[in-house]
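Chemist: Take a look and give me a structure for this.
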Amino acid sequence: MYFEKDDRGIVETFINARIIERAGHVWEDEEGCLSIPGLLQPVKRHWIITIEYYNQHFEQQKRTFSGMTARMIQHEYDHTEGVLYLDYLKPLTRKIMESKLKKVMKGQIHPKYPMKFM
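Modeler: The predicted structure follows:
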């Protein structure tokens, strides 16, 4: 099961977030990204994270998340660190995906949501 029994997801603002602990087992699941449509690959992430941040009221928070919620936060946190899920892939896997990535870069894809290609 990807969500803990009492996990209802989150609606939260994370300002100056910092993951301060990763715990639990590491699990692998397919990830994708809206910035790279149509490409899914398995990525390993920790089941539990603890994160410090300021909320939308600029109040300091420290919370622990698990399961799919923790995975999503780690994915988005990586973006703030300049990391894409592709950076976790093995070089051979990235090489195999190269032609698909080039199509994305050239705008030769048609996602179901608006994208701007530069």
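Chemist: rest of the way, CA atoms for contacts and neighbours
Modeler: Fine.
Chemist: Could you grab the helix/strand/coil label for the residue nearest the centre of the chain?
Modeler: For the chain, the residue sitting closest to the mean C-alpha position, by C-alpha atoms, centre = their mean, is residue 75 at 1.6 Å. Three-state call for residue 75 (DSSP: H, G, I helix; E, B strand; the rest coil): helix.
Chemist: ok, now residue 92?
Modeler: helix.
Chemist: Over to residue 104?
Modeler: Here residue 104 takes the helix state, with states given by three-state DSSP.
Chemist: Now it: closest residue in space, sequence neighbours ignored.
Modeler: Nearest residue to residue 104 in three dimensions, chain neighbours excluded: residue 36, at 6.7 Å (C-alpha to C-alpha, 6 or more residues apart in numbering).
Chemist: How about residue 117?
Modeler: Spatial nearest neighbour of residue 117, excluding adjacent residues (C-alpha to C-alpha, 6+ apart): residue 107 at 5.8 Å.
Chemist: Noted, bye for now.
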